[in-house]
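Asker: task: produce atomic coordinates for the following.
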Amino acid sequence: MTSDNTLNHKRIRLRIPKDYHQEPVISRLVSDYGLTVNITAAILGANAVGDGWFDLELQGTDAQIQSGLTYLHDLELEVWDETKATDW
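Answerer: Take a look at the predicted model:
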């Protein structure tokens, strides 16, 4: 039997468009949704020009992870998880 407080991990790939560079998107996953976020890879343009690509490992309860993903989708950011990424 699993508990609602069981910590789970979810790997995602996230594209943050340059229009969001001044928004604390990843920070809000921590502060607003209580997730632990590990940035396992990132690609950023020189001088933060262009989009940013991040490979993130999210740790939290199922509810926290789902709320965080809903937040990212509400911002209309592109998010891929293990089921959609072929070259993880």
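Asker: contacting residues around the lengthiest helix in the chain?
Answerer: Scanning the chain for the helix with the most residues, using DSSP state H, yields helix 62-74. With C-beta atoms under 8 Å, 6 or more residues apart in numbering as the test, helix 62-74 has contacts from 4, 6, 8, 10, 12, 14, 25, 28-29, 32-35, 58, 60, 79. Where C-beta positions appear, they are placed from N, C-alpha and C, glycine not excepted.
Asker: what of stretch 43-55?
Answerer: For stretch 43-55, contacts defined as C-beta under 8 Å, 6+ apart pick out 11-18, 21, 26, 39-42.
Asker: cutoff 7 Å now
Answerer: For stretch 43-55, the external contacting residues (C-beta atoms under 7 Å, 6 or more residues apart in numbering) are Arg13, Leu14, Arg15, Ile16, Pro17, Lys18, His21, Ile39, Thr40, Ala41, Ala42.
Asker: so for the last one, what's the nearest residue that isn't a sequence neighbour?
Answerer: If the residues on either side of it in the chain are set aside, Ala42 comes closest to Phe54, at 5.0 Å by C-beta to C-beta, 6 or more residues apart in numbering.
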